[in-house]
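> Give the three-dimensional model of this entry:
(one chain, ligands or ions: 1)
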Amino acid sequence: MSTLAILGGEPVRRRPFTPWPQYGEADIERLLRTVRSRRWGGYPYPTPLAQEFCARFADMQGVRYALPVANGTVSLTAALMAAGVRFGDEVIVPAYTWDGTATAVLAMGGVPVFADVDPDTYCLDVSSARACITPRTKAVIPVHLAMRFADMDALMQLAADHGLKVIEDCAHAHGGAWKGRGAGSIGDIGSFSLQESKLMTSGEGGLLTTNSLAHYEALQTLINCGRASLTDQYGQRMLGLNYRMTDLQAALLFGQLERLPELRERRARRAALLEKLIGGLPGIRLLPAQPEMTSPTMYCYVFQYRPEPGRPAPHRDLFVAAIEAEGVPCDGRFYEAVYRSDLFHATPENCAQLQHDYSSCRCPVAEHAAYEEAVWLFQFCFIGEEDDIRDVARAIEKVATHLETLAAADPALAGVKAMGRAQRARHERQKNY
Ligand SMILES: Cc1ncc(COP(=O)(O)O)c(C=O)c1O
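Numbering: from 1, shown residues only. Next up is the predicted model:
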């Protein structure tokens with residue numbers, strides 16, 4: 001094959017992929033109707049528009065209640081409060097996730113305790129979570145990461161054995177199901193993000209789900225400045241903030257929900273094609289299938305970079321940069337091990353509940369995924385035509401069959417390895433996929 005693009009050759013692809021987010025005329029009309037209605041905000045809470053959307057969303061996830069919120073970070077904080085997490089309580093979180101899963105715990109006065117992740121799913125490793133339990137543990141937050149579910153059977157058993165609340169972070173799992181049960185319907189409370197990159201989006205936004213009327217009422221109080229919930233059967237009064245979603249956000253979500261099943265199905269088909277094309281390539285390991293995931297969901301497609309031991313191969317970050325140079329958007333350090341992340345400013349000085357910092361924390365699987373192994377491809381590459389996937393596969397194959405060349409060129413490209421998140425954000429903004 002020809003010279004790698006990162007070494008000056010012709011890239012596999014110059015065309016952009018399908019733009020994201022998707023919208024249509026109906027979305028514009030709904031938005032205009034909302035503008036003309038002069039009901040832009042989220043009060044009285046939940047608004048009739050948001051309630052209509054939430055009923056549909058709850059139906060899709062197979063859960064009794066859903067509530068709208070401003071984003072998927074405050075949804076986690078409200079869930080933690082409703083679950084009874086108070087100052088100094090410990091909450092087990094996976095070390096490999098978006099920082100917000102853990103910072104939400106700190107914001108509520110809790111102490112995030114990092115458990116390692118499973119090397120085959122990159123989701124919370126339940127045996128590692130078990131080892132983190134102390135008398136102060138109050139809750140656990142499994143994250144259904146990228147395209148896999150945390151092992152909810154083992155986790156619910158662990159939670160039952162130790163009296164822990166389970167908050168599912170479903171920021172990546174809209175429409176997904178584990179053994180026929182929708183994400184966000186299995187634990188005590190589910191939290192979804194609707195931020196712009198997510199599978200459904202209103203620009204920013206979030207959703208909470210629960211089967212418990214008591215939690216449903218508590219969450220409304222917490223989201224709506226301490227006001228009573230619609231039903232108020234439990235008479236709960238809590239210190240609430242304004243976490244409300246606006247109707248301008250809600251108006252965008254109907255179209256997102258309508259589009260989701262077709263897009264989900266398409267992503268699954270395209271992912272299957274990609275696996276067929278790249279499955280046997282050198283240095284590439286696919287995540288094993290997860291039969292318990294009865295309704296697949298894919299926020300990003302993730303595979304593992306595992307070059308053959310003893311043979312020269314570049315670092316994962318250079319491997320990723322070489323794929324990007326071929327015209328396929330791709331990321332390696334998509335997430336960090338949270339306790340090592342430059343966004344995780346958690347010290348006893350910043351957070352009064354902490355008695356120590358996280359400098360001695362070690363979760364080897366999470367660190368290996370974050371800094372050596374995981375390769376993330378973006379979902380919008382999977383919603384176009386089959387030819388897009390053939391290009392993705394060609395780019396990966398081109399790089400995977402040139403590992404030794406790339407390793408030899410490594411010193412000249414060493415700067416790529418050091419690309420931190422801020423630098424990457426700038427780099428992303430300059431790109432035009
Ligand atoms: C796993 C996970 N949890 C929580 C969040 C927070 O959601 P938001 O960005 O809507 O606040 C995100 C979004 O980036 C996420 O990916």
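
> Name all residues that make contact with I92.
112-115, 124, 129, 132-133, 137, 139-141, 164 (Cβ atoms under 8 Å, 6 or more residues apart in numbering). For glycine as for every other residue, the C-beta is placed from the backbone atoms N, C-alpha and C.

> go on, F192?
Going by Cβ under 8 Å, 6+ apart, F192 touches 72, 75, 170-171, 173-174, 184, 198, 200, 206-209.

> which one of these is nearest A337?
Using Cβ to Cβ, A171 comes nearest to A337 of these, at 18.0 Å.

> neighbours of D387, just the number please.
10 (other Cβ atoms under 10 Å).

> element containing it, please.
Assigned by DSSP states H and E, D387 belongs to helix 386-400.

> Show me the shaky parts of this protein.
1, 410-412, 414-433 (pLDDT under 70).

> got the residues of it near the ligand?
71-73, 97-98, 100-101, 143, 169, 171-172, 193, 195, 206 (Cβ under 6 Å from any ligand atom).

> quick revisit: just the buried residues from the contacts of I92, in ChimeraX please.
Those of these that count as buried under 16 or more other Cβ atoms under 10 Å are selected in ChimeraX with:
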select :112,113,114,115,124,129,132,133,137,139,140,141,164
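
> which two in the contacts of I92 are spaced the farthest apart?
Longest span within these, Cβ to Cβ: F114 and L164, 15.8 Å.

> returning to what we had before: counting neighbours, which of the residues of the chain next to the ligand comes out on top?
The most crowded member of those, judged by other Cβ under 10 Å, is D169 (31 neighbours).

> Identify the residues contacting the residue nearest to that one when sequence neighbours are not counted.
Distances taken as Cβ to Cβ, 6 or more residues apart in numbering place V143 nearest to D169, at 4.2 Å, with adjacent residues excluded. Listed by Cβ under 8 Å, 6+ apart, the contact partners of V143 are 93-94, 97-98, 101, 123-124, 150, 169, 171-172.

> possible to save the residues you listed as a markdown table with secondary structure?
Supplementary listing: those in a markdown table, determined by DSSP: H, G, I helix; E, B strand; the rest coil:
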| residue | secondary structure |
| --- | --- |
| V93 | strand |
| P94 | strand |
| T97 | coil |
| W98 | coil |
| T101 | helix |
| C123 | coil |
| L124 | strand |
| A150 | coil |
| D169 | strand |
| A171 | coil |
| H172 | coil |
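
> In the stretch 301-433 of the chain, what residue lies closest to the ligand?
At 8.2 Å from the ligand, Y335 is the closest residue in the stretch 301-433 of the chain, using Cβ to the nearest ligand atom.

> Counting neighbours, what do you get for P312?
Counted with other Cβ under 10 Å, the neighbours of P312 add up to 13.

> Repeat that for the one 4 residues further on.
Other residues lying near R316 total 24 when counted by other Cβ under 10 Å.

> Kindly report the same for A173.
32.

> cool, the one 3 residues further on as well?
One way to gauge burial is a neighbour count; for G176, by other Cβ under 10 Å, it gives 24.

> ok, now G62?
Neighbours of G62 (other Cβ under 10 Å): 17.

> for the closest residue to it other than its chain neighbours, what are its contacts?
Nearest residue to G62, sequence neighbours excluded (Cβ to Cβ, 6+ apart): G182, at 4.0 Å. Residues in contact with G182 (Cβ under 8 Å, 6+ apart) are 60-63, 175-176, 295.

> Distance check, G182 against D59.
For G182, the distance to D59 equals 9 Å [Cβ to Cβ, to the nearest Å].

> now do Q22
22 Å.

> Then V320?
Computed as Cβ to Cβ, the V320 to D59 distance reads 39 Å.

> Of those two, which one has the most company?
Neighbour totals were compared for V320 and D59, and V320 leads with 25 against 12 (other Cβ under 10 Å).

> Do I have it right that the more buried one meets C330?
Yes. V320 lies in contact with C330 (Cβ atoms under 8 Å); the separation is 5.2 Å.

> anything in contact with each of the two?
V375.

> Give me the domain ranges for this protein.
25-255, 261-430 (automatic domain parsing).

> related to what we said a few turns ago, want to throw the contacts of F192 into JSON lines with distance to L277 and secondary structure?
Shown next, in JSON lines, are the contacts of F192 (distance: Cβ to Cβ, whole Å; DSSP: H, G, I helix; E, B strand; the rest coil):
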{"residue": "G72", "distance to L277": "33", "secondary structure": "coil"}
{"residue": "S75", "distance to L277": "37", "secondary structure": "helix"}
{"residue": "C170", "distance to L277": "30", "secondary structure": "coil"}
{"residue": "A171", "distance to L277": "29", "secondary structure": "coil"}
{"residue": "A173", "distance to L277": "26", "secondary structure": "coil"}
{"residue": "H174", "distance to L277": "26", "secondary structure": "coil"}
{"residue": "G184", "distance to L277": "33", "secondary structure": "coil"}
{"residue": "K198", "distance to L277": "27", "secondary structure": "coil"}
{"residue": "M200", "distance to L277": "28", "secondary structure": "coil"}
{"residue": "G206", "distance to L277": "36", "secondary structure": "strand"}
{"residue": "L207", "distance to L277": "35", "secondary structure": "strand"}
{"residue": "L208", "distance to L277": "39", "secondary structure": "strand"}
{"residue": "T209", "distance to L277": "36", "secondary structure": "strand"}
